[in-house]
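A.B. asks: A predicted structure for the sequence below; I have some questions about it.
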Amino acid sequence: MADRNGETCGGSGTVDVDSETKHQFLRLIPAGLWELAEPLVPPPGVRAQGGGRAPIDPYTVFTTLVFMLVTGCPWRSVPVELGVSPPTLHRKFALWDDAGLFTALQAKANESAGDDPQLLAWASAISAGAKQRQVRHRATKHDCPHRKGRDKVTDEQHQHEGFEIPDDFRDPAGRPVDHDLLGRFVGAGFDGCTSCQDALLTLMVEDAATTARLVELACVITHKKLGGLPACMTEPDVPGMASPEFRALARAGTDDRNHEMFAACERMSVAERRAAANTAADMVIGQLLFAAGE
């Protein structure tokens, strides 16, 4: 378990953050932020039958949640070094959110803004990130028929509203893009339905052009938001959440060389395209959820 000095605990995740990067992030969090949050943390539940594992240190949960909410890190990409597995973090976020922790933290920071403006800035960033996650949490908890019971759901009962993906791009080599499949994939992700999203992703990565189109959309969205693609999305040796496969495609498509991105994607294996598509999906769907929560 990670303590306040940043010692590493066990966990599971898909992205590694080196020890120095972890320590740097923990040093950035103002000490007063945890002082405000600690009294708001709901007590751990008690198992009726007794036993079970000891509850994870709430400070470790808090710092990992802060990292995720401030950086926009996807659940499945939470760095293993931070000390909390993605499933545990998701469960704790839902529990703390239902208890009103993030709203109360913002209110307490507002009260102390005159004493420490930095606390207010951090609390505001956390609150904004929490609101974005709340959109997906509500959709996952209430809207997805797969989660309403264990009975089999028919295709007619289980439909997601697909997004209309701009189809103004045509691959110079004539590779067709399945915009309908891509739109349904994004719609399932927006609704928080991982079962449909995974099934549609399996179909999509068999099609190199459609996978490349998803990567292209992620690059376009990021470019419009940041004014360009950061090195952590293109360069192989820069720390960041993007998979190596995504970076390779993004790098190939720089300077409006989209045809090279599509060609590079066609040369990839299905497993490589899946890794690239996972990163791209996190970016595209994350931005849609953020916009929906504003």
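C.D. replies: Perfect, thanks for sending it.

A.B. asks: what about the residue nearest to Q197 when sequence neighbours are not counted, neighbour count?
C.D. replies: Spatial nearest neighbour of Q197, chain neighbours left out: A188 (4.3 Å); criterion: C-beta to C-beta, 6 or more residues apart in numbering. Yep, even glycine has a C-beta here, placed from its N, CA and C like the rest. When neighbours are defined as other C-beta atoms under 10 Å, A188 has 27 of them.

A.B. asks: For H90, give its distance to W75.
C.D. replies: 5 Å (C-beta to C-beta, to the nearest Å).

A.B. asks: Could you do E206 as well?
C.D. replies: For E206, the distance to W75 (C-beta to C-beta) stands at 25 Å.

A.B. asks: Please apply the same query to I285.
C.D. replies: Applying C-beta to C-beta to I285 and W75 gives a distance of 12 Å.

A.B. asks: hmm, back to that, out of E206 and W75, which sits in the more crowded spot?
C.D. replies: Between E206 and W75, counted using other C-beta under 10 Å, W75 has the larger neighbour count: 16 against 12.

A.B. asks: Tell me the confidence at that one?
C.D. replies: If you check W75, the pLDDT there is 70.

A.B. asks: Likewise for A252?
C.D. replies: 92.

A.B. asks: OK, contacts around it?
C.D. replies: 260-261, 263-264 (C-beta atoms under 8 Å, 6 or more residues apart in numbering).

A.B. asks: so how far is E216 from it?
C.D. replies: Here the criterion is C-beta to C-beta. By it, A252 lies 11 Å from E216.

A.B. asks: Give me the common contacts of those two.
C.D. replies: Counting by C-beta under 8 Å, 6+ apart, the common neighbours of A252 and E216 are M261.

A.B. asks: Give me the spatial nearest neighbour of the most centrally placed residue in the chain, chain neighbours excluded.
C.D. replies: The centroid of the chain falls nearest to P74 when counting by C-alpha atoms, centre = their mean (1.8 Å). Residue nearest to P74 in three dimensions, not counting chain neighbours: D282, with 4.3 Å by C-beta to C-beta, 6+ apart.

A.B. asks: Could you do F262 as well?
C.D. replies: Closest residue in space to F262, ignoring its immediate chain neighbours: A212 at 4.4 Å, by C-beta to C-beta, 6+ apart.

A.B. asks: R251: neighbour count?
C.D. replies: Using other C-beta under 10 Å, R251 is surrounded by 17 other residues.
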